[in-house]
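>>> Sequence first, predicted coordinates after that:
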Amino acid sequence: MSHDMRDMLLDAAHRIFADKPDNLWAVLQESGFDRALLPESKGGASVNWADACSLLTLAGEHAAPVPLAEAMAGHWLLDLAGVENSTLPTIAPFVLDGQVRVGVAGESPRVDGTLPRVPWGDACSHVAFIAGAGPTAQLIVLARNAAGVSVSRGHNLAGEPRDTLVLEGVVPVAVVPAPCDARELLSIGAILRSALMAGAITRCLSLAVEYANLRVQFGRPIGKFQAVQQSIAVLATQAAAARAAAEAGSEAIDERLATAGQPLTENVAAASAKIRTGEAAGQACAITHQVFGAIGFTEEHELHDFTKRLWSWRDEWGNEAFWSRELGELILAGADGAFLWHTMVPTVSGVAR
Amino acid sequence: MNNLSFPRPHHSEIGERLRTEVREFLEDWNADRHAAATFGDFNPAFSEALGERGWIGMGFPKQYGGGGYGLMERFVVLEELLAARAPMFAHAVAERQSGPLLLRFGSEQQREEIVPRIAAGKCYFCIGLSEPNSGSDLASVRTRATKVDGGWIVNGAKIWTSSAHRTHYMILLCRTAPVSEVRQAGLSQFLVDMKTPGITCRQIVNIAGDADFNEVHFQDVFLPDSALVGVEGQGWQQVTSELTFERSGPDRFMSHMGAIEEFAATLKKHPSTEGARTVGRLVAHLSTLRRMSRSIATMITDGQDAGLHAALVKDLGNGFEQEIPETLRLVMHTEPQQGSSDAYSAALANVILHAPSCSIRGGTREVLRGIISKSLGLR
């Protein structure tokens, strides 16, 4: 996609988010944003993952109450599985070993187990996930209304649906070889969340700056006080770092899928994205709430639209501790005596991988 | 908030090939990697060997002894040297700041005489900015150059000048006109031969026991007209452009790599989940800083102003470096001991003792955050 096309797409999305129409999700679907990763012949825009993540960062900046990340990834997986005409596919990437069993009963496969806290798991039309590791991993698509699917509804702190699906002998719509293994799909999910978080953190910063310049105490805007300025400057460093980490992660997905590059499980940028944005999120929320004082602590004020999402997203699909351990073990798997740096930044010949 | 976005860094095939060469070269050098806590030791033999390879002043034009490479290739070599804790202190300032300054603002004579020697790893610089009564408030410098026939007479003092006692030249910022309403006006930069009569250096020992920095006195020091760098009275503008280089590079977040490496090496022998998590978290920070710093090199290559971006990276880098000893010591306990035979204990001692300087040198944390908040529209 050309730079111009990309800018046009982002501009269009920005206008829609800023308008805040009541039927936001319908408007986004009509414009094809949920299918953005698909080719144009299938109603998509052929965007790469980096551009898709730019769209998500915009959505995060507006705390858009829509399943855009889940539907983008869902449409990508359903297309690979040959499932057409899905209205709202979602994904369930955080499936632990043994949580879901794919067996065979008679001629067709059967799925049993639990998919915990699936985003829009009740409202979706399909849910896609990957089971298994390595080359034998399977991509599985279930229909929400299939027999044997029961739903227990839940929400995250921001009120976004996180519904647990209990599966009893469910006949899947499709079971095909997966494009990546289960652990890599979790990486993708974490990076999509990181992109959303980078947007919400950016918005925290702009809200804080705006408010600090407006709110007058002791006869001057609080933004004139050095103590407040220094806090907001820290917030800006965290916003910049979050954006950079999320962007690096999104590019790693393209490198993996478009050019059959190294698995995301071995990619430093992929694992770093959620660690760095998660850490930035905590600081951003704390600083922004401090700048806003009591008014930001009210339900009436919009600040919590952003901070509650950040507090939820940082613990979804692996938090900082989860990804830090994954990344640490990857780095420490380098040869004995090898520098950590050489594992982190391999040479082209790829000694480490 | 578009000004907070860091563009995608350019990828350099040439740079990636260089990486392999640099790693091979460094293996042969058997540097004392444990001892070096910050930018490595002052080692002219190493600097000259690096110069022979063409790895100093890689971005300088070929006619001035440079490699004619871009900033992305330079970045690769620099980060590899830092990661290996190579003894690069002798040439580092000349390479990073003084060479580029002379190329941009210097006279043709200055460029021809000095820049090729910098690139050869044979000519070292110090930077005369801070004074006993001018630290963060740089515009308040009082060292004065008075115009005389054929040149200038300098009187005053500089302080915290790294390596002044063992470098060949100083880039001196001083006042050439009385203070006016615009405090930043009336400042000029000079190229000062450190052997000039009237200059005395007094070494100052820091809390880690190093005697790197100096108080430098100027008593009736005569500088010829040809020593002026750039335009008289434009010193402030010239020095600010230099600071983007000083603040944005990997030297602002990789000076404590020694401690991380020794921590990881010990952890390979005694694995722990908490240790793995600590390594992962630090690597996530490091890789993000690296991305941002490479992005700034890309911006400078493309002719964009990266002053704010440099301040963001330096502030994040300072915080990261200072957090390293605080994080490691609680995960893997040892008593920090300088010069210990236990490499981790020695590295930890070094980073503990150098950490306070990270958020002071090259712009204090408070000054950087002032720059950031101003650019956000506060103030």
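Nice, I can see it.

>>> Residue A:150 contacts residue A:169, correct?
No: counting by Cβ atoms under 8 Å, residue A:150 does not reach residue A:169; the two are 11.6 Å apart. Placement of C-beta: from N, CA and C, glycine included.

>>> list the helices and strands the lowest-mean-pLDDT helix or strand in chain B packs on?
In chain B, no helix or strand scores lower on mean pLDDT, DSSP states H and E than helix B:235-248, which sits at a mean of 84. If contacts are counted by 3 or more Cβ pairs under 8 Å, 6 or more residues apart in numbering or on different chains; DSSP states H and E, helix B:235-248 sits against helix B:99-105, strand B:169-175, strand B:187-193, helix B:273-301, helix B:307-331.

>>> How is chain A divided into domains?
Chain A is divided into the following domains under automatic domain parsing: A:3-64, A:89-177, A:182-344.

>>> Tell me who's in contact with the most centrally placed residue in chain B.
What sits nearest the mean C-alpha location of chain B, by Cα atoms, centre = their mean, is residue B:246, with 5.0 Å. Counting by Cβ atoms under 8 Å, 6 or more residues apart in numbering or on different chains, residue B:246 touches B:96-97, B:362-363.

>>> quick one: the helices in chain B?
Per DSSP state H, chain B carries helices over the ranges B:13-29, B:44-53, B:71-83, B:89-93, B:99-105, B:108-119, B:235-248, B:257-269, B:273-301, B:307-331, B:343-358, B:365-375.

>>> Mean pLDDT lowest where, among those helices?
The weakest mean pLDDT among the helices of chain B belongs to helix B:235-248, with a mean of 84.

>>> roughly how far out does stretch B:186-205 sit from the chain middle?
How far stretch B:186-205 lies from its chain's middle: 19 Å, per Cα atoms, centre = their mean, to the nearest Å.

>>> that older thread, tell me the most buried of the domains of chain A?
domain A:182-344 (a mean of 22; mean count of other Cβ atoms under 10 Å in any protein chain shown).

>>> Okay, and the beta partners of the nearest residue to residue A:146 once chain neighbours are set aside?
Using Cβ to Cβ, 6 or more residues apart in numbering or on different chains and skipping the chain neighbours, the partner closest in space to residue A:146 is residue A:170 (5.3 Å). As for beta bridges, residue A:170 partners with residue A:111 under DSSP bridges.

>>> gap between residue A:170 and residue A:241?
Distance, residue A:170 to residue A:241, by Cβ to Cβ, to the nearest Å: 42 Å.

>>> any idea whether the spatially closest residue to residue A:64 that is not a sequence neighbour is helix, strand or coil?
Nearest non-adjacent residue to residue A:64, counting by Cβ to Cβ, 6+ apart: residue A:17, 5.5 Å away. What DSSP: H, G, I helix; E, B strand; the rest coil gives for residue A:17 is helix.

>>> who in the stretch 151-300 of chain A is up against chain B?
Counting by Cβ under 8 Å from any Cβ of the partner chain, the stretch 151-300 of chain A comes close to chain B at A:202, A:205-206, A:209, A:212-213, A:223-224, A:226, A:228-230, A:232-234, A:236-237, A:239-241, A:243-245, A:247-248, A:251, A:268-269, A:271-272, A:275-276, A:279.

>>> cutoff 7 Å now
Selection of the stretch 151-300 of chain A residues close to chain B by Cβ under 7 Å from any Cβ of the partner chain yields A:202, A:205-206, A:209, A:212-213, A:223-224, A:229-230, A:232-233, A:236-237, A:239-241, A:243-245, A:247-248, A:268-269, A:271-272, A:275-276.

>>> So which of those are in helices?
Secondary structure from DSSP H places A:202, A:205-206, A:209, A:212-213, A:229-230, A:232-233, A:236-237, A:239-241, A:243-245, A:247-248, A:268-269, A:271-272, A:275-276 of those in helices.
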